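Visitor: take this sequence and fold it.
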Amino acid sequence: MLARKVRVNLFGQLEEELYSGYFTDDNGENIKAYVISKKPQEYTSSGQVVAVITLEGSDEQRVVVAPDREIYYEPQILNILKSVSNLRVSSINCLYEKSCGALIFYRNKQGVRVLLVKNHNGRYWSFPKGHIELNETEEETAVREIKEETNLDVKIIDGFREVSDYCPFGNIKKRVVFFLAQAFTDDVVDQAEEIDSHMWVDIQQARKNCTYDNDLRVIDKAELLINQCK
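Guide: Next comes the predicted model:
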């Protein structure tokens, strides 16, 4: 259902950016839908399904539709939907996901070390990151997630921002934003719920352990700036 193109017949406007309505699927069944948009909508609204929600206490699902080129992430969608009375969401699947994190480096007498982590859901080494929350900047998300996952306080280095867009499975469109951050201690405490293990390695070893092209691109560009942060 995610990413499906639909035309929603609108019942009316619930809030400034929220409308209710329905569309008819290929089987002739009417599907309840919410439309979210920054632009006024009248009578009908065309767009794509950006989220599927399941209601508490039942298996009933409803869809959330947004016009093409309007991107909404889970925190925004849930914040808009909370204005609907008696709507209790038990789960949500979103078309767009956004995470922010950082390549973290630590400098000691032996040189520069880069932090790599391996999380529960992955079988590969990468950098700490996590989903953006409502009203956070990308930098705030990165700093918060690093603190939660590693207990490190870091300084974001100006002038570095790398974006990776990809589809890990199905129609999900994922964006990851990486910054460059400096740590002033190498004392990492793994968050047991998220991180399986971590290691500090030099940049050459980081290239050997990271297998994804996007991560290798981050390392290559970060190395140039790290050399200037002496």
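Visitor: which stretches of the chain have low pLDDT?
Guide: Within the chain, the ranges that satisfy pLDDT under 70 run 122, 230.
Visitor: outline the domain layout of it.
Guide: If you go by automatic domain parsing, the domain ranges for the chain are 5-94, 97-226.
Visitor: Ile77 and Ala51 touch, don't they?
Guide: Yes: counting by Cβ atoms under 8 Å, Ala51 is a contact partner of Ile77 at 5.2 Å. (Glycine included, C-beta is placed from N, CA and C.)
Visitor: can you tell me the helix or strand for the residue positioned nearest the centre of the chain?
Guide: The residue lying closest to the centre of the chain (Cα atoms, centre = their mean) is Lys98, at 2.0 Å. Per DSSP states H and E, Lys98 falls inside strand 96-108.
Visitor: buried set for stretch 29-37?
Guide: For stretch 29-37, a neighbour-count test (16 or more other Cβ atoms under 10 Å) marks 31, 33-37 as buried.
Visitor: got those as TSV, with distance to Val189 columns?
Guide: Below are the buried residues of stretch 29-37 laid out as TSV (distance: Cβ to Cβ, whole Å):
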residue	distance to Val189
Ile31	46
Ala33	44
Tyr34	41
Val35	44
Ile36	39
Ser37	43
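Visitor: biggest separation within these, which pair?
Guide: The most widely separated members of those are Ile31 and Ser37, with 18.0 Å between them, by Cβ to Cβ.
Visitor: right, and Phe11 touches Phe23 too?
Guide: No: Phe11 lies out of contact with Phe23 (Cβ under 8 Å); the separation is 11.9 Å.
Visitor: so these two - more neighbours on which side?
Guide: Phe23 (21 against 12; other Cβ atoms under 10 Å).
Visitor: run through the bridge partners of the residue nearest to that one when sequence neighbours are not counted.
Guide: Once flanking residues are discounted, Phe23 sits nearest to Val6: 4.5 Å by Cβ to Cβ, 6 or more residues apart in numbering. Beta-bridge partners for Val6, by DSSP bridges, are Gly47.
Visitor: now Val6: how far from Gly28?
Guide: Look at Val6 and Gly28: by Cβ to Cβ, to the nearest Å, they are 14 Å apart.
Visitor: these two - which one has more neighbours?
Guide: Applying other Cβ under 10 Å to Val6 and Gly28 shows that Val6 carries more neighbours, namely 20 against 6.
Visitor: farthest residue from the center of the chain?
Guide: Of all residues in the chain (Cα atoms, centre = their mean), Lys109 lies farthest out, 36.0 Å.
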